[in-house]
Structures are given as C-alpha cells and as structure tokens.
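[1] Pasting the sequence and the predicted model now:
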Amino acid sequence: MPIIDVRNLGKTYRTIEKEGGVKGAVKALFRPQYREKVAVHDLNFQIDAGEIVGYIGVNGAGKSTTIKMLTGILYPTTGSISVLGHDPQRERVANARNIGVVFGQRSQLWWDLALIESLNLVANIYEVEPSRYKQLLSHFAEVLELDEILKTPIRSMSLGQKMRAELAATFIHEPKVVYLDEPTIGLDVMVKQRIREFIKDYNQTHNTTVMLTTHDLGDIEQLCSRVIIIDAGSKVYDGPLNAIKQQFGKFRTITFETNQPIVSVNLPPACEQLNLSEFSLEVRFDRSQISASQVANAVMQQLDVADFTLNEPDLESIIKHLYQNPTAYNEVGARG
Amino acid sequence: MDKLYYRLRTYRSVVGMNIKEILAYNFWFWSQVGAHILLTIAYISFWKALYSERDSIAGLDMQQTLTYIILARIVMPLVQWGYTQEFGFWIREGTISSELLRPVDFQERIYIGHLTRTFVSLAQQLIVVGSLALFVFKISLPTDPLVWLSFLISLLLGCSILFCFDWIFGCIAFYSTEVWGLQVVRGSVLLLFSGVLLPLTMLPTALQTIAKWLPFAQSVSVPVSILSGMTPLSNLGSIWLQQLAWLSVMFILSRLMFNFSVRKITVQGG
Amino acid sequence: MLRYTKLYWYFVIQRFKILMEYRLNFFIGSISTVLFQGASLVALWAVLRQVPSIQGWTFEQILLIYGLLTLSKGINHLFADNLWVVGRDYIRPGQFDRFLVRPINPLFHLLADRICHDAIGDFIVGLSLVSYAMVQLQLPINLTSIGFIILMVISGGVIFIALNLITAATSFWIMDSIAVTNVVFHTNEFAQYPLTFYHRSIGMVLTWLIPYGFASYYPASYLLGHEIGWMAWLAPVVALVCITIAYKGWLLGLRNYGSTGS
C-alpha cells in the first residue's frame, strides 16, 4: 500500500493574455483574451513509506504545481491523489495533520513573532501534546542549533536561520509525509549540510516519507534513492538515482575554442556533436569507449584549437540530455 | 538642450507607465467607477433631502450646493490617497536607496507620476460623475472655457501643494511602520478641512479659521469654488498669489524634511 | 468549537504581543479611527445644526442610525479586517498557501491571523453616539432595549462580514479584491442616514440586496417607535442567510485558488 498514490493527475491553468503598450492594456480592459496552459499532464506515481524521492525538472516543468496539488493547495483538473488514504483537497484537515511542508522561498511563520512564539502557535494549531512538544522542542533546538535564535523574530533572521526555524516548525507535529520545495536554495554549504543531515536523520528514525524538489545535485545525491524527473508537465523518468548516474555518468563533454572559424569537423566514434558555433564546438563522448585525450587529439588535428575545457556531468546536463532524447529514459529501465 | 530633451523623454515614459498601470487593473478601474457613482448618488440624495424643506443653508441655495458637491466629488480622488503607503513600502523594502540613485530627481519623478495619475482619474471622474450629474440629476456644469481654464490652473497649483504636504507627511514613514493608520489620520483631516464633503462656508467660524490656516483647502475648496461660480473670476489674481505662496513654503519644507529623514536612514545603514 | 475558541484566544494574545512591540503604531491605529469618524460627524453636525430636522428626522435621531451602523462596522473591523487584504497580502505573495496546509479552517486562520485593534475607535464613537442619542431622545434604556441593540449590532456586524467575505472571495480569481470590496462596502454610507432620504429603489437595494439597512435604519426605527412591524426583527435572519451564501462563495473561490497561474 503506497503512502502517496497519484493517478492520471493533470492541471491546466487559464491566464489572461495581455499585449504590450497602452493600447494592449486598454484592449485587455474590454475584451480579455484567455489562454490555456497545461502545467501537469497525466502524471502517475506511487511512493512508499520511508522513501526519499527527489522530484526534479527545470523551472516551469510543473514541480511546484504537483507539490501544491499533493499538499491540497491546488485542485487538480483531472486525476486523483491519495495521501495516506486521504484526498488532500476534500479531506484537507485530515490530510494536513499528516503532512509537513516547506516552501524554500516563503516563510510559513509569523514575521513579527519570536521563533518560540511561532512554534508555540504552530504546536497549538496541530494540537501537539504539551509534554511531547517540550521533548521535541529541546531535541530540535539541539540538532538545528535553535537556542540562539528562539527569541529572535523571523523578520530579523538570516536565510540560514530562517530555514532552520522553518524545519523545526514543519516537523514539530511529527508529520508522516513531508514535502520540501527547494529547502536549501540560497544557503551556504555548512547550513545545507546540516539541513540534509537533519532530514536524513528524521527520515531514518521516523520512517517518514519525503518528497523533495531541488536544483541542487548535492541534495539529491545525499538524500534520495529514487528520482522522478518531470518535463513540460509530464514524467520523463522515474527510477533509482544510481541507474541514471551509471548510464549518464559515463558521458563527458569537451568544449573547444578555435582561432579560425569552424567549417567542418569529423568526430571519432562514440562521440556526439552537441553545440557548434563559429568559434566553438561542444562534443559529448562515452568514456567507456574513448578517452578524453583521444577525442581532444582527433579534434585538434582538424582545427586550430585555442583552448578547451573538459566538463564533468552534472544533474542539469543529464536532465537536459533526457529531455532531448525522449527514449533515453527507457535505456535506464524506468518504472511506473 | 540635450538635458531637457532627455528629461522630457524620461517623463514621457514615466507618464506612459502610470497610465498603463491604472488601466491594467480591470477590476480596479470599473469598480472605482462603480464606487464613485454610488457615492455620488448617496451625497446628492442626502443634500436633496436637506433642501426639501428649505431654500437656503448658510446662504447657499440647492443648485449652488449641489454643483459644489458634485465638483468636489470629481476632485476627490485627487486628494483621497497620498502616497504614505508607497513611502512606507520603499522604506520597508529598502528600495529607497536605489530610488535615490536614479539619474532623475526622485521627488520630481514621483511628482510627474503623481500628476499623471491624478489627471487620468480626473478625466475618468469627470466623465462618470459629470455625466451622472448632468443627465440623471440635471445639474448644470459651467460652460465658459475661461472658468475651466482658471479652475485647472488653480487645481494644478492645489495638487502640487498637496503633493508637497504628502511628501512631508510621507517622511513620517521613516519613523513609524503603521502607515495605514497615518493615512487614515491624514484622510480624516482632509475630509473636514479641504472642503471635499461640504462647502467650507457651512462650517462653524472657528473651524473655518482652522481650515484657512491649513493647506488642504487650496487643493479642493479653492479650485472647486472657482468652477462652481462661488468665487468671482475677478478674485483670481489674489487666489493664485496665495496658492503660489503656499506652494513655495510647502515645497521648501518638503525638501528639508526629506533630506533630513534620508540622512537618518543612511546613518542607520537601513 | 472549544478548540477554535482556545486557538482564537491564543492568536489574540500573540497579536497583542506584536502590537506592544510597536506601541506608537498601536496608538496611531486606535486614534485614527476615532479621528476619521470624528471628521465625518463634525461635517454632519456642521450641516445639521443649521436646520431643525430633515424630512421629520432630527439630528439626534440621525445620530442613532449613524451610531448603530458604526458599531456594526466596528465588529467587522475588529474580527474580519483581513478580508480586505486577503488578495494583496496573502494570495498574491503566496502567503495564503500556509493556511491551506494546516489542520484548521483556512478562513478561521485568515481572520485570526490579524484582529484589528483600530476597531476600538469605532466602538468608542458608536457607543457614545448611541448612548447620547438614547438619552437626548429620552428612549427607555433597559434590559430589553440593550438586548435588542446587542442583537442588532451583532447581526449588522455579521452582515458587514458576509458582504466583505463574498467580495474578498473574488480575489481567488482576480488576485486583489480590494477594489471590489471597496465598491460594495461603500454602499454602507447610504445606511448612515434614514433610507427614506433616497429613491425607493435605493432603499430596496439596501434592504434586500446589500442589506446594510438592517444594521442601522431598521433597528433605529424600531427603537424610535416607528411602525415597521416584523422588519424590526428580521436582521438576524438576514445575517444568517448572507453569511451562508458568502461562505459558499468563499468555498467556491478556494476551489479556484491558484488556477490563474503565476
């Protein structure tokens, strides 16, 4: 029995189209033009208890829309969602008791209240049993190092302090499912590390299900065993992180800068030309079949190369590759 | 010459921006129109009820009073809101420092934007409230273009005086974050002493004296009295002189106050 | 219910703590409403002192209407002021999301999030006006009349809240509803005076469509002994109907939340 069960989920937005200029504004005043935009299309996945799933995609791919539907904020246009057996929209309150949500760029705490007051208020809203609350508070104060900021109002906290505060408020009612939307955005390495450890630790001790959207490869690598990739509203990959890395980790790219305009170039086998402009060329090659120096040699014999750089693959480029080759995710044995 | 051209070009874009901003808000636009119609009807009905059993109040007959009230309503949105809230916003969000770095004088730029907004809503008001008065309540508006011209000049002066006052007042936002409350305080004083609710001559003498020593009457009562025919055109010279005097005093004060307050912010590093 | 009461009280205490942090704001907010009401009243008085009565209504009788309306407005101001800014301060910046992921009614959360102390001004002005008018007009002040006034003020307050709620719900479609709320709310200015001042159709609108009349004119007429029959007691029913419709509208808006995309 999966904890989160998403079937044929879809969401279409309707927006008013506006033309530029004063004329456009006047026109929109009298006859607004609507445009439909499909944000999420026919999404299916199941997540089991205790899983930490990375939910990734470029900006505008539909990540936030999905999270908002899962948490009950948005109503889906089509399909159904079940979280621990509850419909997040129709049984909002029952669902809300089970879940915790962090929106990385927005605080859910009270701007003017000291952190401790905010936490008290949250505990009251969730009806956390007072002795349990005390216990959790002292535990969080320790692992998130909250002691120095408990009396500080949120408005005067740094970004890192805010996120630590946010996590405490999110976990204070011991949610069974947690959604983290960009939890480490804009934070420095030390804070990022602490936050990852906190999430990992909490997941292991409570068997909490975690769904995480992020742009940070480090978050994914350290936390997630499974990754769901979404592009243009549709799922393009769903499977173990290792499989992507094994498959795509063997690729490297080299970027060449030349002194003369590039007319044509013949690449050795196991190479693929990615970008070509007048003075630069980007080549991807399969490391298991050809070495970087072989590729570089082959190119330099044909072109007047001024400089070249070897690029390690990052998640972004892997994802990009997946988008460009819709069949690629079949290669790594996607499920779902 | 170049400089002037540059300035005019900047202003043109500022003006364009403000018009667009106003029109962009569909619902704002139409609902404002709706609100004005409603309030105009309420006011006229109230005054008609007042005059139903008598011919004159404080020496004004119904036609005079109604003309005044309607015109005051047309002018009302010009004075309704200052920009204390904008000030508060700039200061809270810390944008004030970047605003100050722009190449056009800050106060000048805001002034142009403010005037544009003011006169766009004036036109809107004139069409909506004016036609309501003309066709529904059969209240005649003046037809002499000279009267209209004098009115517009006096109104421009009045708006500028109020602008400078609001500038001074807005500077309080440097010291307090309760901008809404301040706005209400300002609105209350304006309501009574600008002549927007009723002809100032209807106030008791003591209040009339206070109104005379406050700048608010200059922006509503003075121009509206010209347009409604309560002030003869022969008095225009002294009226404009008075308005100019008010304007220079308020302008200097606004500059001083702003510079003083900005220094406070830069010292605190806010 | 008990849970919500306790929680509300807790919110109030937190709000008070914030207010105490900004004492100057607290002070400005409180006097601002008194000033605003004062300015309108002085204007009214300035006009009415010159005439003995308008269409049979004396200054004191009009003050009674005005005072009752102000008290009802105060209830709305105190408990439901956040409805004004739900679009601008919560929905547009995305702050509304947090209400939807918490295990309490989002509307309750929104209202409890900011009770508005400025309403003190409304209560001071309204209470003074009503008592002044009652004394001047030599109306009986006893348990029945006080009970009647309390019932009517609460009903009036609920009518105000209901109308603001239904207009606030439009922000789920148009992001910022202040303009819409503004139009409907301003019709309450008609209800400051006897409805007989206006064209019959306006009186009908203020009774059956935007029923602010039940917050002022009808209860005042009853207190003054005018013959208005069962209309005197209709306010609670009207309030109940209004708030039910408004809440349905709000729920409909909630379904539509966020669908405009960002």
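    Here it is on my side, so go on.
[2] Have a look at the chain and report its longest helix.
    I'll assume chain A. Among the segments of chain A that qualify as a helix by DSSP state H, the longest is helix A:189-206.
[3] Chain B was what I was after
    Counting residues, the longest helix in chain B under DSSP H turns out to be helix B:236-268.
[4] buried residues in that helix?
    Burial within helix B:236-268, assessed by neighbour count using 16 or more other CB atoms under 10 Å in any protein chain shown, is assigned to B:Ile239, B:Gln243, B:Trp246, B:Leu247, B:Met250, B:Phe251, B:Ser254, B:Met257, B:Phe258, B:Ser261, B:Val262. (Glycine included, C-beta is placed from N, CA and C.)
[5] For A:Ser107, which residues are in contact?
    A:Ile154, A:Lys162, A:Glu166 (CB atoms under 8 Å, 6 or more residues apart in numbering or on different chains).
[6] And the first one, how close does it get to chain C?
    What that stands for is A:Ile154. Separation of A:Ile154 from chain C (CB to the nearest CB, to the nearest Å): 12 Å.
[7] What about the closest residue to that residue other than its chain neighbours, how many residues nearby?
    Among residues not flanking A:Ile154 along the chain, A:Leu109 sits closest, at 4.8 Å (CB to CB, 6 or more residues apart in numbering or on different chains). Residues near A:Leu109, counting by other CB atoms under 10 Å in any protein chain shown, number 23.
[8] May I have the secondary structure class of A:Leu109?
    For A:Leu109, the assignment made with DSSP: H, G, I helix; E, B strand; the rest coil gives coil.
[9] likewise A:Ala168?
    helix.
[10] A:Val210: neighbour count?
    That count, for A:Val210 with other CB under 10 Å as the rule, works out to 23.
[11] ok, now A:Ile4?
    Residues near A:Ile4, counting by other CB under 10 Å, number 22.
[12] Check the contact between B:Leu60 and B:Leu198; I expect there is one.
    No - applying CB atoms under 8 Å, one finds B:Leu60 not in contact with B:Leu198, separated by 9.7 Å.
[13] Dump the longest helix of chain A to CSV, keeping only the CA atoms.
    C-alpha atoms of helix A:189-206 as CSV (Å, rounded to 0.1, in the frame of the first residue of the first chain):
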residue,chain,number,x,y,z
VAL,A,189,27.4,24.9,2.3
MET,A,190,27.5,24.4,6.1
VAL,A,191,23.8,25.1,6.6
LYS,A,192,22.9,23.0,3.6
GLN,A,193,24.9,20.1,5.1
ARG,A,194,23.2,20.5,8.5
ILE,A,195,19.8,20.5,6.9
ARG,A,196,20.4,17.4,4.8
GLU,A,197,21.6,15.6,7.9
PHE,A,198,18.5,16.6,9.8
ILE,A,199,16.2,15.4,7.0
LYS,A,200,18.1,12.1,6.6
ASP,A,201,18.2,11.5,10.4
TYR,A,202,14.5,12.3,10.8
ASN,A,203,13.6,10.0,7.8
GLN,A,204,15.6,7.1,9.4
THR,A,205,14.2,7.5,12.9
HIS,A,206,10.6,8.1,12.0
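[14] Tell me the buried residues in that helix?
    A:Val191, A:Lys192, A:Arg194, A:Ile195, A:Arg196, A:Phe198, A:Ile199, A:Tyr202, A:Asn203.
[15] Now do whatever helix or strand comes next after it against helix A:189-206, angle only.
    Sequence order places strand A:209-213 as the next helix or strand after helix A:189-206, per DSSP states H and E. Between strand A:209-213 and helix A:189-206, the angle comes out at 150 degrees (axes from the mean of the first three to the mean of the last three CA atoms, to 10 degrees).
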